[in-house]
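Engineer: Got a predicted structure plus its sequence, pasted below:
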Amino acid sequence: MRTLIAFITLSGAVAPALYAVPARADAVVGGPELSKHGYIWDHSSGVSEPPHIQASSYVVADLETGRILAAKNPHGEYRPASTLKTLTAITLIPRLDPAKKMKPSQNAVNASGSAVGMDTKWNYTVRDLFHGLLMQSGNDAAIALCEANGGLKPSIDQMNAEAHRIQALDTVARTPNGLDDDPPLTLAQQHSSAYDLALIMKQGLKLPDFRKYVGATLYQWPAPPDKKEREKGKKTGGYEIGTHDHLLVGRPYKGMIGGKNGWTSHALGSFVGAATRNGHTIIISLMHAQSDFWDDARALLDWGFAERAKAGAVGTLVDPIPPPQPKRPPAPAGTRRPTTVRLSPADGPDWTKLGVAGGGGLAVLAIVTGLFIGLRRRRRATLAGAVAAPSAVDGHVHAFGPERPPSGATSETPDGPDGSGDTEPSFKLRHPGDVKVAGAPLSFGAAAPSARETAPNPVRRGRNGEDAGRDGGDGAGHDTGDGAGEEDARRTGRQTEDERGADEPLTD
């Protein structure tokens, strides 16, 4: 049992080397350096110091490699304000058909704060709502999207599940729009971090529709026709909305993909965005900043592009937790499952790509398995030796084989009480110390042994050749056999090993 426990323990220790496991909630996601609260960067010569800005927290990362180039208090938890809408977007974009139409509820239309403007009697497409969410920062559009997805609560649950899936473990969402005063929410109830916002942006950039929404500068928002439009016979009205991202309009930043900003009186300013130059993409995020943070955002992007090739990583934007592998269907009745190991992704990790870690893990498993089997065989051999070769004091112990009765044993078949001969046949032993061994075959031919011969424990012999049970040696009180057996023993005396021959092997 102890060997088996050791085997299981070592197997568990090897498992992390074979499979990618998600970061623990109590670990520093992205690397231990990111636990620091001040400015974090590679201090090697030739790498300039990153910008010192007013924001309490920021991250600068390279999208292609996932390297975090610089950070300031990256895992500090702050109110996210409207940057939380990026989490709403990456959660609902894969779940909703852009062409789906819906009518918003009065609850959505009455959302406080920034709004794109909606009417309960008008149909909006999901595509419209995402433009209103990420361009105009519509709090009303966020609630309407949740309604199109089946409701506010299930959508927020899915947002938190998505945050956990991408390992944004600093993030807890209680609203789809980031508002923290309607209803009033404390920092403990709704929060995120600069690291998590960068992870969310990384995930969003994998979605073509997300790139389209955050990169749009103008969009024609649908609305019911006003009086003048109706007089002109128009059945549809509308107006133009523009982005709030100052790096896309006004003073456009070269290569800007897009981003999302936020502001509340409790959260202060926040922003997450990305830009591409010369085939390389830099992601930045900042939190708890002053309202005019756009120059700081530019400075972070400039430093990222300038130092990307020189700066070493201080952390990593981790990948999402891989989905669980599907279970294999049960094999049809009468068929045998092949024993070969398939290397397709559906069957588990690609063993050919595990490298040194995977090879070392397999070697440890092989060694542990060999030790387990070896110890098991050694234990069996020890037990067999202890039974097959007892000391002279303990008497003679034989394992009767199925081929023939032991030499000197005779059979008799006494009649039963009615003289029919139905009683069990028994065998007399050549020596009173000869007994059956548990585990050995107990019958041969047409005869069966007596209860004396099938005793589960051998009869111990004293130094004077008497049974220990008789002189009180062990107190067991074992019976030594019938009188005929004792007479044989007195007549023949103690056998030598040569006279008996080798004991027959035990069987499991």
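Structural biologist: All right, it came through fine. If you're wondering where the values come from, they're calculated on a predicted model, not measured in any experiment. Numbers count the residues shown, from 1 in each chain.
Engineer: Isn't residue 138 up against residue 114?
Structural biologist: Yes. Look at residue 138 against residue 114 with CB atoms under 8 Å: they come within range, at 6.5 Å. For the C-beta atoms, the positions are set from N, CA and C on the backbone; glycine is no exception.
Engineer: These two: which is more packed in?
Structural biologist: residue 138 (29 against 17; other CB atoms under 10 Å).
Engineer: who's in contact with the more buried one?
Structural biologist: Counting by CB atoms under 8 Å, 6 or more residues apart in numbering, residue 138 touches 111, 114, 115, 116, 117, 118, 129, 132, 177.
Engineer: Report pLDDT for it.
Structural biologist: What the model reports for residue 138 is a pLDDT of 97.
Engineer: Tell me, how many residues neighbour the residue nearest to it when sequence neighbours are not counted?
Structural biologist: Nearest non-adjacent residue to residue 138, counting by CB to CB, 6 or more residues apart in numbering: residue 116, 3.4 Å away. Burial of residue 116 is recorded as 25 neighbouring residues (other CB under 10 Å).
Engineer: quick one: residue 116 from residue 147, how far?
Structural biologist: 15 Å (CB to CB, to the nearest Å).
Engineer: likewise residue 207?
Structural biologist: Taking CB to CB as the measure, residue 207 falls 21 Å from residue 147.
Engineer: can you map out the helices along the chain?
Structural biologist: Under the criterion DSSP state H, the chain contains helices at 2-18, 85-92, 106-109, 126-134, 139-148, 152-165, 194-204, 208-215, 227-231, 294-307, 355-388, 468-471, 483-492, 497-500.
Engineer: by contact count, what packs against the fifth one?
Structural biologist: Under the contact criterion of 3 or more CB pairs under 8 Å, 6 or more residues apart in numbering; DSSP states H and E, the helices and strands touching helix 139-148 comprise helix 85-92, strand 101-102, helix 106-109, helix 126-134, helix 152-165.
Engineer: Give me the residue ranges of the stretch 1-150 of the chain where confidence is low.
Structural biologist: For the stretch 1-150 of the chain, applying pLDDT under 70 flags the ranges 1-26.
Engineer: swap in the stretch 301-450 of the chain?
Structural biologist: Within the stretch 301-450 of the chain, the stretches with pLDDT under 70 are 334-366, 368-450.
Engineer: Would you format the helices and strands packed on helix 139-148 as TSV with distance to residue 237 and mean neighbour count included?
Structural biologist: Below are those laid out as TSV (distance: least, CB to CB, whole Å; neighbours: other CB atoms under 10 Å):
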stretch	distance to residue 237	mean neighbour count
helix 85-92	26	26
strand 101-102	17	16
helix 106-109	16	16
helix 126-134	13	25
helix 152-165	28	17
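Engineer: can you put these in JSON lines and add distance to residue 253?
Structural biologist: Formatted as JSON lines, these follow (distance: least, CB to CB, whole Å):
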{"stretch": "helix 85-92", "distance to residue 253": "18"}
{"stretch": "strand 101-102", "distance to residue 253": "35"}
{"stretch": "helix 106-109", "distance to residue 253": "33"}
{"stretch": "helix 126-134", "distance to residue 253": "17"}
{"stretch": "helix 152-165", "distance to residue 253": "28"}
